[in-house]
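Asks: fold the following and give me the result.
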Amino acid sequence: MLSLAESAVPHIGKFMAGHSKWAKVKNFKGAIDAKRGKIFAKLSKEISIAAKIGGGDPNMNPRLRMALLKSRGANMPHDNIERAIKRGTGESGAVNYEDLTYEVYGPHGVAILVELSTDNRNRTAAEIRSLLTKNGGAIATAGSVTRLFQRRGQLIVSREGVNEDQLMEVALEAGAEDFKAESEGFEILTDPAHFEPVHKQLETKGIKCAAAEVTWLPTLTVPLEPAAASSVQKLIDLLEDHDDVKELYSNAEFPEGVTA
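Replies: Okay, the predicted model is just below:
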């Protein structure tokens, strides 16, 4: 059995690019009304793309399963979810999106991976490049940013109603690589290939995840001073606000109290 001291992923700073795992879950669930519509639109797009690629049955479509988990975590109405699935399977309208990943260097040497879904590659490229140019960012050479991250399955479980020892045993026996206990809950890390078996085993045991996804985790973070943090956070906020951006990952480590 894997020892907790033998982490498969190097230590990651608590305040990563405004994406502390706990802050991200809380902010996503508690999004203000002004942002909720944009969040629902992005989730609908991802559901439709997932359904188009792998079909409308989440039991047979891991990408759709993850999209639905995020949607329910954001309290997205069931009717919105159903319409998005039907668009993807061709029952209602057409879906013609493609996935893109931009490797970006932001201010102060921060590395950023930006995942997008777009129906117009040229328009999206022009808008993203303009946004970067105006805010101290630039497109990086292919591979120069991805090498700074590891692809991992990540499952977040709150402490409420969960026994730590039992959760660790279930996760590791199902194939998890690492288990981390923190003040707010538990983080389970897996190889991407083992994410689905671990996730399904937790569900079978009645354990609900606050978040579960295959994500990019940085192998090395860039600590930022408060003065530098603001420009990095501004770029991240602008990128996340773009309609075509579905996920963003950064290796920036913010000082405590700087990010919301």
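
Asks: outline the domain layout of this protein.
Replies: 21-89, 98-146+220-253, 149-218 (automatic domain parsing).

Asks: turn the ones you listed into CSV, including mean pLDDT.
Replies: Below are the domains of the chain laid out as CSV (pLDDT from 0 to 100):
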stretch, mean pLDDT
domain 21-89, 84
domain 98-146+220-253, 95
domain 149-218, 93
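
Asks: want to throw these into a markdown table with mean neighbour count?
Replies: Every residue, glycine included, has its C-beta placed from N, CA and C. Formatted as a markdown table, these follow (neighbours: other CB atoms under 10 Å):
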| stretch | mean neighbour count |
| --- | --- |
| domain 21-89 | 17 |
| domain 98-146+220-253 | 17 |
| domain 149-218 | 17 |
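
Asks: secondary structure element for residue 71?
Replies: Here residue 71 is covered by helix 62-73, with elements defined by DSSP states H and E.

Asks: alpha carbons only: can I get the lengthiest strand in the chain in PDB?
Replies: Counting by DSSP state E, the longest strand found in the chain is strand 149-158. In PDB, the C-alpha atoms belonging to strand 149-158 read as follows (Å, rounded to 0.1, in the frame of the first residue of the first chain):
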ATOM      1  CA  PHE A 149       2.600  19.700 -15.300                       C
ATOM      2  CA  GLN A 150       1.500  16.200 -14.700                       C
ATOM      3  CA  ARG A 151      -1.800  14.700 -15.800                       C
ATOM      4  CA  ARG A 152      -3.600  13.300 -12.800                       C
ATOM      5  CA  GLY A 153      -7.000  12.200 -11.700                       C
ATOM      6  CA  GLN A 154      -8.100  14.300  -8.700                       C
ATOM      7  CA  LEU A 155     -11.000  13.600  -6.400                       C
ATOM      8  CA  ILE A 156     -11.900  16.000  -3.600                       C
ATOM      9  CA  VAL A 157     -14.000  14.700  -0.600                       C
ATOM     10  CA  SER A 158     -15.200  16.900   2.200                       C
END
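
Asks: and it with helix 62-73, angle?
Replies: Relative orientation of strand 149-158 versus helix 62-73 (axes from the mean of the first three to the mean of the last three CA atoms, to 10 degrees): 40 degrees.

Asks: what pairs with strand 149-158, and is each one parallel or antiparallel?
Replies: strand 185-190 (antiparallel), strand 211-218 (antiparallel) (DSSP bridges).

Asks: quick one: the helices in the protein?
Replies: Counting by DSSP state H, the chain has helices at residues 21-29, 33-54, 62-73, 78-89, 121-134, 164-174, 195-204, 226-241.
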